[in-house]
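Colleague: missing the sequence, but the structure's below:
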């Protein structure tokens, strides 16, 4: 299993945990902690899968997702949304904006790995990056 | 000469004739066929009650004694009717507009419906008129005795004659003066009888005059020659007296109750006054035309007797002209009776309205003035008053014993009623006139007049209390009527006139200037002075006939077309008329008013009907009543308005509460969402790392230790968060228990700095302190205060982004409080966030990855509120500055 994953997450400990889990499973993981510069990071890293936290300092994950879907280059990028707000409404909002998957914190490591793998294999009818 | 019986018979026939005329006139007036009754001639003739028996007989006597001075009595009224016509017109207009019933009512109405003032004027009028009525009775009795000789009825007893005359007059006045109670109603029967009497007395005097000029003398030329030769033309001229008596007569025509009755109350058409303006002076001229010739002839006639006051009668008798003498007798009788009738009517109205009824109402406390009981009582009061006035007059006549002094009573009575003049004129012309002024003026003038003239006259005629009057009360001679103020009065009448009217006028003006009128008085003042702005002229009874149309239109507006039409048609049928419109009879108007009042209120209904019928303007009383009704309606509608405002306010409050609840609910959701986030974030790390640790894949020791460390830190973070939440909950619900004790501010700061791990050399943050300033003794919960300080210090540790972070802690003692400022040297809090920093879970963007739920400032602020102080962010040029304010009660004097 290979591929590049961009992880945008402001909580250092969570960033470290996810990076460790995904790296050990064979993914190349790039971490990024700031919402405001997230789009630049996406352009620079050109990930196969984007793991995006909703609550970010600077810019909300949902806004970043909307901009990604609005840009042709990233419209088909598989995105996994992570959120600590457990409400169903948040999930709906994220799916409507074009997220490919959605995980509520805390999640199990297996769940995370399975979801990322699924997104990487079936990149939702786009040409990928 | 006629027998006494014959004379009595003639009198009876004459009186029966008057009754007949009065009945006829009354009947025609009720049927609405006023005809000659409602003519300016009748009105003018009715004014002739001014010339009483006193002038009818007495003018000749006066001419014999003082030459032409008798003319002053006629000159005064003539001047008023010609020169002051505008004043009469104004009085008549006011009388109609205000529905004035008497001179007392006029004064009382003007001065705010003052009952006391009305009673005062009434007493004054009765005192003035009683001797005058006595004088009339005396003249009738005298003329009887001068005329008649013993017959079948026995010798003519003057007293008996006077009794019968008084009784007859009382009967006549009661029959024609108190037929109905409508205060505003005129007395057409009575007035027409008086008009007839006026013709009789004028005709009688003219007949005697013609007889003496052409029958005794040889025409005017011879007459003039005789006058030249007679002592009458030699009478001395007294200018002051001429002036005084002329003025007095002028005042009397305005103030005499009986003149007010015929001039104002009985006036049915304002235009009649214009005719009277020239016709009444003409009447006076005619009646005085032959006074001097009769006097001259009487003086030169042997058989005319010694009493010049009876020359009018004795001259024809002495010359054997029995028929002419009988005419003169009837003329004198007419002059006397018409005066007495009208005076009795006017006085009884005043007595019953202003003295008897108020007392009766006080006693019985009837509050429904339209109840039948009340009407009967009022009528009875009126009738008793007439009898009372007659009895007073007769009593005075008996008391005076028919003395000659009665002749003076005419002018004395004039001066008495003239005391009303200042208040009357002032009331009509000057809005500033007040009740206090009127009462003071009339009261004082009345007292002076009574003391200087009335009492001495009573004493003279009745032999009463002469010694006190002579010497003055308490021996004070300057108070004696004979020498008032020490003056040796040559003419008591003129002295009294100047004194009483002078003091009266002065007090009236003075009292008016120093007192404040009541609102009603002010209103009435305006209504009187500006009467032409407030009323329409009254044009006779014929005006009412055309009013049925207007009434119908008005009724349709209020009752609706169908109901108004039915009402009018029924009334028309009941009256036996063919059309749809009924005659606006009093009955119908009353019914209409009742119907209307169901819809618009009684006062308004009355005012509306009054406006259309008769042209009588709406009186102030009506207006006030209308205002009352309107006020009630407005009160009701304002109550409704208040209710609806209340409803609107309730609705607004409900909306507000709803918004608040929605907001609270939203806040609760946001709060829960925040808590969820804050809890799930550390739990995510814990779960992830613990799963990694649990997995079989080997980990190096470093990684294992590191992950374990993270799990440990994150669980501590969770615990801290839960502690903070509980803390905040307790603080917000006010269930916190404070352990207040004495502490030193510096010690608390030391503890906080130590707990925050910010001791010198122990961390990155440099602290600047001022130990001297920190030496403040407090009584507070030191643990809680330390918690606040810890939070502020750790915030600086977390958020100060300077190269070399510094935190300065400055203590300031102010009157009643202490302020501790925590200022760092970082870039400060962006203005956008300043409003949010005290919100729960708010964290500055520049958080350098420091842990914390964002509850610190919220908790600190709550703590400071509990401690009675406060915590605020102070915007500053550079760096973040928080100010902890400690209350005065925490201070302990050092």
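Modeller: That came through fine. Keep in mind that this is a model prediction, so the values were computed, not measured. Numbers count the residues shown, from 1 in each chain, chains lettered A, B, ... in the order given.

Colleague: my guess is residue B:725 meets residue B:855, correct?
Modeller: Yes. Contact criterion C-beta atoms under 8 Å: residue B:725 and residue B:855 qualify, at 7.1 Å. Backbone N, C-alpha and C define where each C-beta goes, glycine included.

Colleague: higher neighbour count, these two?
Modeller: Under the criterion of other C-beta atoms under 10 Å in any protein chain shown, the comparison of residue B:725 against residue B:855 puts residue B:855 first, with 24 against 18.

Colleague: which residues are in contact with the more buried one?
Modeller: B:721, B:724, B:725, B:728, B:840, B:841 (C-beta atoms under 8 Å, 6 or more residues apart in numbering or on different chains).

Colleague: please report phi then psi for it.
Modeller: As for residue B:855, its main-chain torsions (degrees, to the nearest 10) stand at phi -100, psi -10.

Colleague: list of residues touching stretch B:276-291?
Modeller: Outside stretch B:276-291, the residues that touch it by C-beta under 8 Å, 6+ apart are B:40-41, B:43-45, B:47-48, B:50-51, B:55, B:59-60, B:63, B:70-71, B:74, B:77-78, B:81-82, B:85, B:88, B:198, B:201-202, B:205-206, B:208-210, B:212-213.

Colleague: try 7 Å
Modeller: Here stretch B:276-291 makes contact (C-beta atoms under 7 Å, 6 or more residues apart in numbering or on different chains) with B:40, B:43-44, B:47-48, B:51, B:59-60, B:63, B:70-71, B:74, B:77-78, B:81-82, B:85, B:202, B:205-206, B:208-209, B:212-213.

Colleague: can I get the buried part of those residues as one PyMOL selection?
Modeller: What follows is the PyMOL syntax selecting those of the contacts of stretch B:276-291 that are buried according to 16 or more other C-beta atoms under 10 Å in any protein chain shown:
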select buried, chain B and resi 40+43+44+47+48+51+59+60+63+70+71+74+77+78+81+202+205+208+209+212+213
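
Colleague: which of the contacts of stretch B:276-291 fall in helices?
Modeller: Among the contacts of stretch B:276-291, the members found in helices (DSSP state H) are B:40, B:43-44, B:47, B:59-60, B:63, B:71, B:74, B:77-78, B:81-82, B:85, B:202, B:205-206, B:208-209.

Colleague: what residues does chain A have near chain B?
Modeller: A:11-14, A:17-18, A:20-21, A:24, A:55, A:57-58, A:84-87, A:105-106, A:108-109 (C-beta under 7 Å from any C-beta of the partner chain).

Colleague: any of those residues buried? List them.
Modeller: A:11, A:13-14, A:17-18, A:20-21, A:55, A:57, A:84-85, A:105-106, A:109.

Colleague: farthest-separated two in those?
Modeller: Considering C-beta to C-beta, no two members of those lie farther apart than A:57 and A:109, which are separated by 25.4 Å.

Colleague: residue A:56 versus residue A:63, what's the distance?
Modeller: To residue A:56, residue A:63 is 9 Å away according to C-beta to C-beta, to the nearest Å.

Colleague: residue B:227 too?
Modeller: From residue B:227 to residue A:56 the distance is 136 Å (C-beta to C-beta).

Colleague: which of these two has more neighbours?
Modeller: Comparing residue B:227 with residue A:56 by other C-beta under 10 Å, the one with more neighbours is residue A:56, at 22 against 16.

Colleague: where do the strands of chain B begin and end?
Modeller: B:741-744, B:766-768, B:777-780, B:806-814, B:817-824, B:870-873, B:881-887, B:891-892 (DSSP state E).

Colleague: same list (those strands) but as TSV, adding mean neighbour count.
Modeller: TSV is the format used below for the strands of chain B (neighbours: other C-beta atoms under 10 Å in any protein chain shown):
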stretch	mean neighbour count
strand B:741-744	14
strand B:766-768	15
strand B:777-780	18
strand B:806-814	17
strand B:817-824	21
strand B:870-873	17
strand B:881-887	20
strand B:891-892	16
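
Colleague: so can I have a markdown table of the ones you listed showing mean pLDDT?
Modeller: Formatted as a markdown table, those follow (pLDDT from 0 to 100):
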| stretch | mean pLDDT |
| --- | --- |
| strand B:741-744 | 86 |
| strand B:766-768 | 86 |
| strand B:777-780 | 86 |
| strand B:806-814 | 88 |
| strand B:817-824 | 89 |
| strand B:870-873 | 88 |
| strand B:881-887 | 88 |
| strand B:891-892 | 62 |
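
Colleague: turn those strands into CSV, including distance to residue B:92.
Modeller: As requested, the strands of chain B are exported to CSV (distance: least, C-beta to C-beta, whole Å):
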stretch, distance to residue B:92
strand B:741-744, 96
strand B:766-768, 101
strand B:777-780, 91
strand B:806-814, 84
strand B:817-824, 83
strand B:870-873, 82
strand B:881-887, 83
strand B:891-892, 88
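
Colleague: to residue B:650, which of these lies closest?
Modeller: With C-beta to C-beta as the yardstick, what comes closest out of those is strand B:870-873 (35.6 Å).

Colleague: having no further points to raise, I will conclude here.
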